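Asker: Show me the folded form of this:
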Amino acid sequence: MTIDKTAIRNAATVIVLRDRATDPHILMGQRGAKAAFMPNKFVFPGGAVDAADGDIPLTSQMPALCRDRLTEDADPSLVHAIGVACIRELWEETGLILGAPGTWQSSPPPDWQSYAATGHVPSAQALQFVFRAITPPGRPRRFDARFFLLDAAQIATDLDDFSAACDELSHLQWIPLKKAREFDLPFITEVVLAEVEGRLHDTAPPASVPFFKNGDEESLFLHLKGRPPTAADE
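Answerer: The predicted structure is shown next:
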């Protein structure tokens with residue numbers, strides 16, 4: 001399949017937060033020097049939504065408030081696929097499992113066979129939608145990235161075992177939140193870190209979600225507050 005490098009691709013990024021109340025750490029890794037997008041930068045696990053993500057079953061969806069925020073200024077049919085992409089990217093890039101113990105009802109596709117072999121099925125219930133940003137024009141790749149906060153306590157496997165990770169990210173490590181800015185970070189990652197720091201003591205999904213909407217004509221900083229209520233909600 002040929003990928004249009006000029007198109008804006010939907011993407012999902014997972015910010016895994018460990019020891020939130022005592023000594024907060026976040027999981028990050030370094031992109032390769034030859035990567036077309038953000039080479040050498042330290043980033044959170046994540047990547048583009050695949051066409052097949054919409055077909056993967058979830059045992060539980062993410063919270064209703066988060067799903068509502070995701071539908072604003074976006075195709076509502078993407079919500080399921082974005083949740084699946086979070087779980088897939090976390091597994092592929094770190095080897096960590098977000099899911100529930102269980103057996104797949106049908107044979108998993110090739111990309112999911114190693115995940116399924118661990119005895120888990122995907123669940124998006126623990127994901128909290130906290131940020132959205134579109135890559136500015138002029139970059140070699142552009143993404144409409146949704147960032148999700150995940151408490152590490154919801155991970156089903158050993159938090160220090162990255163043996164099943166692919167080689168897309170090197171130097172995977174738990175970085176103290178207060179020292180994260182000492183690493184070589186993309187600008188948007190620094191912005192998202194500030195949002196995470198502000199949410200350390202608030203475990204509920206945010207009522208509104210910051211959105212950097214970088215378009216070809218203008219750049220806007222918005223807040224996603226969900227769709228207006230309809231008669232069906234009353």
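
Asker: Report the contact partners of S107.
Answerer: Contacts here follow Cβ atoms under 8 Å, 6 or more residues apart in numbering; on that basis S107 touches nothing. Where you see a C-beta, it was placed from the backbone N, CA and C, and this is true even at glycine.

Asker: Output the longest helix belonging to the protein.
Answerer: helix 78-94 (DSSP state H).

Asker: Which elements pack onto that one?
Answerer: Contacts defined by 3 or more Cβ pairs under 8 Å, 6 or more residues apart in numbering; DSSP states H and E place helix 78-94 against strand 8-18, strand 25-31, strand 46-48, helix 64-71, helix 113-116, strand 120-122, strand 142-151, strand 169-176.

Asker: again, 6 Å this time
Answerer: strand 8-18 (3 or more Cβ pairs under 6 Å, 6 or more residues apart in numbering; DSSP states H and E).

Asker: After the longest helix of the chain, which helix or strand is next?
Answerer: Once the chain leaves helix 78-94, the next helix or strand it forms, by DSSP states H and E, is strand 99-101.

Asker: Each with direction, which strands does that following strand pair with?
Answerer: strand 120-122 (antiparallel) (DSSP bridges).

Asker: so how far is the helix or strand that the strand it pairs with is followed by from its chain's centroid?
Answerer: Where DSSP H and E defines the elements, the next helix or strand beyond strand 120-122 is strand 128-134. Offset of strand 128-134 from its chain centre (Cα atoms, centre = their mean, to the nearest Å): 8 Å.

Asker: Compute the inter-axis angle for strand 128-134 and strand 142-151.
Answerer: Calculated by axes from the mean of the first three to the mean of the last three Cα atoms, to 10 degrees, strand 128-134 forms an angle of 160 degrees with strand 142-151.

Asker: Partner strands of strand 128-134 and their direction?
Answerer: Sheet pairing of strand 128-134 (DSSP bridges) gives strand 142-151 (antiparallel), strand 209-214 (parallel).

Asker: Indicate which one of the ones you listed is closest to S106.
Answerer: Closest approach to S106 among the strands paired with strand 128-134 (Cβ to Cβ): strand 142-151, 26.3 Å.

Asker: Can I get the lowest-mean-pLDDT helix or strand in the chain as PDB, trimmed to CA atoms?
Answerer: Lowest on mean pLDDT, DSSP states H and E among the helices and strands of the chain sits strand 219-224, with a mean of 90. Written as PDB, here are the backbone C-alpha positions of strand 219-224 (Å, rounded to 0.1, in the frame of the first residue of the first chain):
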ATOM      1  CA  SER A 219      -3.300  27.800  13.500                       C
ATOM      2  CA  LEU A 220      -5.800  27.700  16.400                       C
ATOM      3  CA  PHE A 221      -5.700  26.700  20.000                       C
ATOM      4  CA  LEU A 222      -9.100  25.300  20.900                       C
ATOM      5  CA  HIS A 223     -10.700  23.300  23.700                       C
ATOM      6  CA  LEU A 224     -12.800  20.300  22.800                       C
END
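
Asker: Tell me which other helices or strands that strand touches.
Answerer: strand 209-214.
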